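Have a look; sequence and predicted model below, questions after that.
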Amino acid sequence: MLNTAIYQCKPAIYLQQGENRVSIDWSRYDAVALSDTVTGLDPSEATEVRACWSSDCFYVQFVCEDSYIVSEYRHRDDPLYEQDVVELFIDEAGEGLEYIELEVSPNNVIFDARIQNDGQKSITDSDAKWDLTGLLTTVENDGKGNLVYEIHIPAQNFQNPPQAGRSWNVNFYRIDEDTNGNRGYQAWSPTGEVNYHIPSRFGKLEFVDAI
């Protein structure tokens, strides 16, 4: 597999940790910027992504400049990718044949599925009836023109759960429509075309044990 982007995923540092609420100190983590998935250029509205981990959970934060929102879907596993959305793909085995697709809309509606791929750029099967167990997502407006998405995925969902020294192939994406109806497609590791399902273009997320 061709991995051009690497993210050093560090252990979670908590501002608050309770039974029903976990707050991450996101200021402690490096951000990666998404770019146009075709050209690699900066998008009209910026997106930053951060991630961290514990033995119990994998955490991701998207911070999205968003002056115009298109988001009408209200039900889990609606086709969120037809409107504004952030997306996370996780290939635990790194073989490009099976991965998790998770999408979150500005209204905090979820799409999650297990994807089968031919290893090139084509989906061979998609199981949207499958759900991540214990998934927690939030979407908040920070008052500065940004939508802040937070994703908590319990480690029990993974066959190769977060642990120092391990790695996953992943990609972070965003779809953002402007006032003229033009859709922008952003990626951490650009795919070179308007197709996010190209596993060879996923980046590598490496779990490390030190802040």
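That came through, no problem.

quick one, phi/psi of the residue of the chain positioned farthest from its centre?
Among residues of the chain, the one most distant from the C-alpha centroid is residue 180; the distance is 25.8 Å, by C-alpha atoms, centre = their mean. In this entry, residue 180 is assigned phi and psi values of phi -90, psi 0 (degrees, to the nearest 10).

what sits against it?
Residue 180 makes contact with no residue, according to C-beta atoms under 8 Å, 6 or more residues apart in numbering. To be clear about C-beta, it is placed using only N, CA and C from the backbone, and glycine gets the same treatment.

if I look at it, how far off is residue 72?
Distance of residue 180 to residue 72, given as C-beta to C-beta, to the nearest Å: 18 Å.

Would you mind listing the buried residues in stretch 32-46?
By 16 or more other C-beta atoms under 10 Å, the buried positions in stretch 32-46 come out as 32, 34-37, 43, 45-46.

Just the buried residues of the helix or strand residue 64 falls within, please?
Residue 64 belongs to strand 57-65 when elements are defined using DSSP states H and E. In terms of neighbour count (16+ other C-beta under 10 Å), strand 57-65 has its buried residues at 57-64.

rewinding a little: what's the closest of the buried residues of stretch 32-46 to residue 152?
Proximity of those to residue 152 (C-beta to C-beta) peaks at residue 32, which lies at 19.0 Å.

Tell me which residue is most central in this protein.
Note: the chain centre (C-alpha atoms, centre = their mean) maps to residue 88, 2.5 Å.

gap between that one and residue 187?
Counting by C-beta to C-beta, the gap from residue 88 to residue 187 is 11 Å.

any common contacting residues for those two?
171-173.

Tabulate those residues (CSV), appending neighbour count, secondary structure and distance to residue 99.
As requested, these are exported to CSV (neighbours: other C-beta atoms under 10 Å; DSSP: H, G, I helix; E, B strand; the rest coil; distance: C-beta to C-beta, whole Å):
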residue, neighbour count, secondary structure, distance to residue 99
171, 26, strand, 9
172, 26, strand, 13
173, 24, strand, 13
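
now the residues you listed in CSV, with distance to residue 121 and pLDDT?
Converted to CSV, the shared contacts of residue 88 and residue 187 look like this (distance: C-beta to C-beta, whole Å; pLDDT from 0 to 100):
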residue, distance to residue 121, pLDDT
171, 13, 98
172, 18, 98
173, 15, 98
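
remind me which residues of the protein are low pLDDT?
1-3, 18-20 (pLDDT under 70).

80 instead?
Applying pLDDT under 80 to the chain picks out residues 1-4, 16-21, 211.

Dihedrals phi and psi, the closest residue in space to residue 135 that isn't next to it in sequence?
Spatially, and ignoring its direct neighbours in sequence, residue 135 is nearest to residue 153 (6.0 Å; C-beta to C-beta, 6 or more residues apart in numbering). Phi and psi for residue 153, reported as degrees, to the nearest 10, are phi -120, psi 110.

count of residues packed around residue 153?
As a burial measure, residue 153 scores 25 neighbours (other C-beta atoms under 10 Å).

who's in contact with it?
Applying C-beta under 8 Å, 6+ apart, one finds that residue 153 lies in contact with 57-60, 102, 132, 134-135.
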